[in-house]
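1. here you go, sequence then predicted model.
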Amino acid sequence: MSGKKKVPMRKCVGCQEMKGKKEMIRVIRTAGNEFMLDATGKKNGRGAYLCPDRECLKKAVKNRGLERSFKQAIPDEVYESLEKEMIEIETG
């Protein structure tokens, strides 16, 4: 048996690339239909993954990747708050 651990892979809803779960940012929809970034990856809610890059967020907006993942329309203010949170993570 090999000693390597299996790395969970997730697809970015922006660029459609498969990457390791730990490299990505999880966007969740809570039970109260609230959208937020989940840096820990452990919060409850329906999740979709994005690369930690604003270009991928722009692609997700353009191709409606998040809307397809959550099967509902997403208000513009949600995208704006996600972009602000992403800027904070990038500047960290």
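-> Received it, and whenever you're ready, just let me know what you need.

2. break down this protein into its helices, ranges please.
-> 54-62, 65-70, 76-91 (DSSP state H).

3. tell me where the model's unsure across the chain.
-> 1-2, 92 (pLDDT under 70).

4. hmm, try it at 90
-> 1-7, 23, 25, 27, 30-43, 45, 51-54, 57, 73-92 (pLDDT under 90).

5. with mean neighbour count and distance to residue 15 added, can I get the helices of the chain in a markdown table?
-> (C-beta placed from N, C-alpha, C; glycine too.) Output for the helices of the chain, formatted as a markdown table (neighbours: other C-beta atoms under 10 Å; distance: least, C-beta to C-beta, whole Å):
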| stretch | mean neighbour count | distance to residue 15 |
| --- | --- | --- |
| helix 54-62 | 17 | 5 |
| helix 65-70 | 18 | 9 |
| helix 76-91 | 13 | 14 |
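
6. out of the ones you listed, flag the one nearest residue 29.
-> helix 65-70 (5.3 Å; C-beta to C-beta).

7. and that closest one, what does it pack onto?
-> strand 46-50 (3 or more C-beta pairs under 8 Å, 6 or more residues apart in numbering; DSSP states H and E).
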